[in-house]
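# need a 3D model of the sequence below.
(2 chains)
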Amino acid sequence: MTRRARLIVFGVAAAGLAALLIWGTLGIPDFGHYHGRYGQILNRDAVKERQATNTVTAIVFDYRGLDTMGEEFILFAAVTGVALLLRETRQRVPNPIDPVRSEAVRAVGICLVPAVLTLGLWIVAHGAVTPGGGFQGGVILAAAFLLLWLAGSLRAYTRVTPTPFVDLTEGTGAGGYVLVGLVALLLGEPFLHNLLPYGLAGKLSSGGSIPILNWATALAVTAAFLLLFAEFLEERSFVIAGKHK
Amino acid sequence: MSYLPFLLAVWIFLVGLFGIVRSRNFIHLVVCLSVAQSSTYVLLLSVGYVKGGTAPIFKDVKPGTKAVDPVVQALTLTDIVVSVTVAALLLALAILGKRHAGTMNPEELHPMRG
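Numbers count the residues shown, from 1 in each chain, chains lettered A, B, ... in the order given. Model prediction:
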């Protein structure tokens, strides 16, 4: 199919889709007047039931914990796919070339590493209390390690995050989540049932098993992003090394 | 009556699709897919918005205070992280495509041979 024909076909299809979507949109309750009962009930009861002041985290790691497990395994599968695709076909570069960067980038980058690391841990730890959680904090933690590459070198990055260790962390995070669910199952409760004492609302330990699932997710997300970074950074140094031959 | 946020989501989705259809580069294509996908965040968050509601976090406000819907926020949260890793998977495929076919342009790819 020529480019022109494809655009014409798309134009017709997109016009139809646009009409359908706009028609559907007009059936949604007016903006700002949502009447979904489920969310409102959780907003009212999550603190009472689970001592978790962040309702979003309570949903992610408790009320809809099974869905999150599914999401986590999508993440796991995608990262495994990247590692399989890129590791298999690439020869190792013995001496990765790191282009020299400006001193300013190095200085600011190094200063940012501990700050970003602390921010990440803080965001994860307060998942059940204030805005934050394993997903957001995990990405920030991974970014702290990426700064190591930006300010230092690929070698510094791989030395701090050795691939076998990151692989293990990824597995521990994803497996730990399932394990929490299985423990509940073994004790005769539904899968992922929140068993632990809920504690006091507003405390870091509040929410029963929510903080545990939160940290497991943080491990899995951090490791997932570290693996992605490592694969693409090595791919990059492989390409650069090829050009210098 | 305000439908603007919903129509914005429709627009972002269609613009993303348009970019995918006329893409000449796999990396551009993956970015367009991310644009199309981000329309789901706009749609979810605007569906759950409650006029005058606070964030669904009851650390400093009493539970029962009028707040926006937390369920769609939880959906958006996981959606974002997963979409990033899926984009990474597609970019890895783009690298392999470049290595095997020597091109990043979907139009220059030959039909698959057995």
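
# when you work out contacts or count neighbours from here on, use the C-alpha atoms and nothing else.
OK.

# for the helix of greatest length in chain B, what is the average pLDDT?
Counting residues, the longest helix found in chain B (DSSP state H) is helix B:70-101. When pLDDT is averaged along helix B:70-101, the result is 90.

# could you say what helices and strands the longest helix along chain A packs with?
The single longest helix within chain A, with elements called by DSSP H, is helix A:210-244. Other elements packing on helix A:210-244 under the criterion 3 or more Cα pairs under 8 Å, 6 or more residues apart in numbering or on different chains; DSSP states H and E are helix A:65-89, helix A:103-125, helix A:134-151, helix A:154-160, helix A:163-186.

# check these for me and report the most buried one.
helix A:134-151 (a mean of 24; mean count of other Cα atoms under 10 Å in any protein chain shown).

# may I see the buried residues of the longest helix of chain B?
B:70-83, B:85-97 (16 or more other Cα atoms under 10 Å in any protein chain shown).

# one more: stretch B:14-28?
B:14-23, B:26-28.

# next one: the nearest residue to residue A:218 once chain neighbours are set aside from residue A:127, what distance?
Nearest residue to residue A:218, sequence neighbours excluded (Cα to Cα, 6 or more residues apart in numbering or on different chains): residue A:134, at 4.0 Å. Residue A:134 sits 7 Å away from residue A:127, going by Cα to Cα, to the nearest Å.

# list the residues that contact both of these two?
residue A:214 (Cα atoms under 8 Å, 6 or more residues apart in numbering or on different chains).

# quick check: phi and psi at residue A:32.
phi 90, psi 0 (degrees, to the nearest 10).

# okay, and the beta partners of it?
Counting by DSSP bridges, residue A:32 forms beta bridges with residue B:50.

# can you name the residues that contact it?
Residue A:32 makes contact with B:46, B:47, B:48, B:49, B:50, B:51, according to Cα under 8 Å, 6+ apart.

# was I right about the fifth one contacting residue A:33?
Yes - Residue B:50 sits in contact with residue A:33 when judged by Cα atoms under 8 Å, with a separation of 5.5 Å.

# okay, these two: which has more neighbours?
residue B:50 (20 against 16; other Cα atoms under 10 Å in any protein chain shown).

# residue contacts, that one?
For residue B:50, the contacting residues are A:31, A:32, A:33, A:34, B:66, B:67, B:68, B:69, by Cα under 8 Å, 6+ apart.

# list just the nearest of the residues you listed to residue A:196.
residue B:69 (26.5 Å; Cα to Cα).

# number of nearby residues for residue 45?
Answering for chain A, as no chain was given. 16.

# can you look at chain B instead?
Neighbours around residue B:45, by other Cα under 10 Å: 21.
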